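[1] Fold the stuff below for me.
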Amino acid sequence: MFYKDERLALFIDGSNLYAAAKALGFDIDYKLLRKEFMRRGKLLRAFYYTALLENDEYSPIRPLVDWLNYNGFTMVTKPAKEYTDSMGRRKIKGNMDIELAVDAMGLAPHVDHIVIFSGDGDFRPLVESIQRQGVRVSVVSTIRSHPPMISDDLRRQADNFIELEELKDVLGRPQREFPEKPEEVPSEH
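    Numbering: from 1, shown residues only. Predicted coordinates:
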């Protein structure tokens with residue numbers, strides 16, 4: 001439930017929202033997302049959190065980060081850490097939970113309603129703390145993926161759970177398909 005005169009802030013866990021939307025078979029149109037929540041209340045801030053690989057010449061997320069930065073989102077990024085696991089596989093770690101929590105706690109006294117786009121159960125104590133300050137908290141994620149992308153504890157703690165799939169028609173666009181490898185183009189010899 002949203003009220004038109006509510007001061008809103010959005011906190012988007014980029015990798016978590018991306019994974020949830022992908023599991024549901026669509027991509028997020030961030031322009032439409034921002035417009036939807038501006039319609040629901042007085043949107044003060046929209047934060048987007050993601051880790052970036054800095055040593056890659058081209059990061060597929062870089063165009064999105066740049067676009068969001070120029071279109072009303074506050075970008076919070078940090079370098080991702082690359083490591084090799086015990087099986088010798090290359091892994092990337094870039095958790096942004098602490099940054100999101102610190103920002104949400106700092107902004108809570110200035111808003112009426114916080115919307116967290118994540119299903120990560122680690123955010124349950126954050127939600128509880130924000131609620132103790134008199135701020136309502138909605139969580140956007142999905143229970144319709146297999147397995148569900150939202151922790152049961154987080155869903156129970158939130159004042160409002162918004163099923164991401166129900167927003168598909170409002171802020172989604174079809175997933176872009178990328179071929180596994182470039183198709184051969186016949187030469188004209």
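[2] Show me the strands in this structure, by range?
    In the chain, the strands defined using DSSP state E lie at 7-13, 26-28, 42-52, 74-79, 81-84, 90-93, 113-117, 136-141, 160-163, 172-174.
[3] Tell me which of these sits most buried.
    strand 113-117 (a mean of 26; mean count of other C-beta atoms under 10 Å). From N, CA and C alone the C-beta is placed, and that goes for glycine too.
[4] Now distance to Pro148 and mean pLDDT too, for the strands of the chain, in TSV please.
    Conversion of the strands of the chain to TSV gives the following (distance: least, C-beta to C-beta, whole Å; pLDDT from 0 to 100):
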stretch	distance to Pro148	mean pLDDT
strand 7-13	16	98
strand 26-28	17	94
strand 42-52	21	95
strand 74-79	26	92
strand 81-84	28	83
strand 90-93	23	79
strand 113-117	15	98
strand 136-141	8	98
strand 160-163	10	97
strand 172-174	19	81
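[5] Need those in TSV (columns: distance to Glu99).
    Formatted as TSV, those follow (distance: least, C-beta to C-beta, whole Å):
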stretch	distance to Glu99
strand 7-13	10
strand 26-28	20
strand 42-52	6
strand 74-79	5
strand 81-84	14
strand 90-93	14
strand 113-117	13
strand 136-141	18
strand 160-163	22
strand 172-174	26
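[6] For the closest residue to Arg155 other than its chain neighbours, give me its contacts.
    Excluding the flanking residues, the one nearest Arg155 by C-beta to C-beta, 6 or more residues apart in numbering is Phe161, at 5.0 Å. By C-beta atoms under 8 Å, 6 or more residues apart in numbering, the contact list for Phe161 reads 138-139, 141, 150, 155.
[7] Please report the distance of Phe161 from Tyr18.
    19 Å (C-beta to C-beta, to the nearest Å).
[8] can you check Arg132 too?
    Arg132 is 30 Å from Tyr18, by C-beta to C-beta.
[9] Give me the more crowded residue out of those two.
    Tyr18 (17 against 9; other C-beta atoms under 10 Å).
[10] Could you find the closest non-adjacent residue to the more buried one?
    In this structure, Tyr18 finds its nearest non-sequential neighbour in Ile28, 7.6 Å apart by C-beta to C-beta, 6+ apart.
[11] bridging residues for that neighbour?
    Gly172 (DSSP bridges).
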